[in-house]
Structures are given as structure tokens and as C-alpha cells.
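*Asks:* no letters, just coordinates:
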């Protein structure tokens, strides 16, 4: 519940961020940026669990 989530494109542009705590509720990434659908492709995430563990990273692919 206290996780901080960031999603980036391949050039490192921050597309989405969600801070842990109460703000997280209902804050889901829907594959858009600036209210426009993103193109098919791979996007990268970083999740900080804020519990002293390592940063979680990986990719997610949009397929339409």
C-alpha cells in the first residue's frame, strides 16, 4: 500500500506516477499519457515498496 510506482517510455520520459498511501487508491495506469492512448510498444516501470527492499523494475507491453 505504500509503494511508489513510475512508468517510463524508452527515452526515459515519465508517463505515470503513483505515490503510496491513500493517494494510490483508484490511481491506475490505463495506457495513456496526457489523456491520449499510447502506441503499441514496451514501457518500463520502477516500483519502490518503501520497505527497505530493492527497487523492482521491468517492462510492460501495450498490445491493442
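*Replies:* Here it is on my side, so go on. This is a predicted model, so every value here is computed, not measured.

*Asks:* for this structure, which spans come out with low pLDDT?
*Replies:* Where the chain drops to pLDDT under 70, the residues are 21-26.

*Asks:* so which residues of it form helices?
*Replies:* For the chain, helices defined by DSSP state H do not occur.

*Asks:* show me the strands in this protein, by range?
*Replies:* With DSSP state E as the criterion, the chain has strands at 4-8, 14-18, 32-33, 36-37, 41-48, 56-62.

*Asks:* how near is the residue at the greatest distance from the centre of the chain to residue 10?
*Replies:* Largest separation from the mean C-alpha position in the chain: residue 52, at 19.5 Å (Cα atoms, centre = their mean). Separation of residue 52 from residue 10 (Cβ to Cβ, to the nearest Å) stands at 30 Å. Every residue, glycine included, has its C-beta placed from N, CA and C.

*Asks:* for residue 40, same thing?
*Replies:* 13 Å.

*Asks:* my read: residue 7 touches residue 43, true?
*Replies:* Yes. Counting by Cβ atoms under 8 Å, residue 7 touches residue 43, with 5.6 Å between them.

*Asks:* mutual contacts of those two, please.
*Replies:* Shared contacts of residue 7 and residue 43 (Cβ atoms under 8 Å, 6 or more residues apart in numbering): 15, 60.

*Asks:* stretch 39-54: which residues count as buried?
*Replies:* Neighbour-count burial for stretch 39-54, counted by 16 or more other Cβ atoms under 10 Å, picks out 43, 45, 47-48.

*Asks:* centre of the chain to it, how far?
*Replies:* Stretch 39-54 has its C-alpha centroid displaced from the chain centroid by 6 Å (Cα atoms, centre = their mean, to the nearest Å).

*Asks:* how long is it from one end to the other?
*Replies:* With Cα to Cα, to the nearest Å as the measure, stretch 39-54 spans 30 Å from end to end.

*Asks:* can you check stretch 39-53 too?
*Replies:* End to end - Cα to Cα - stretch 39-53 spans 32 Å.
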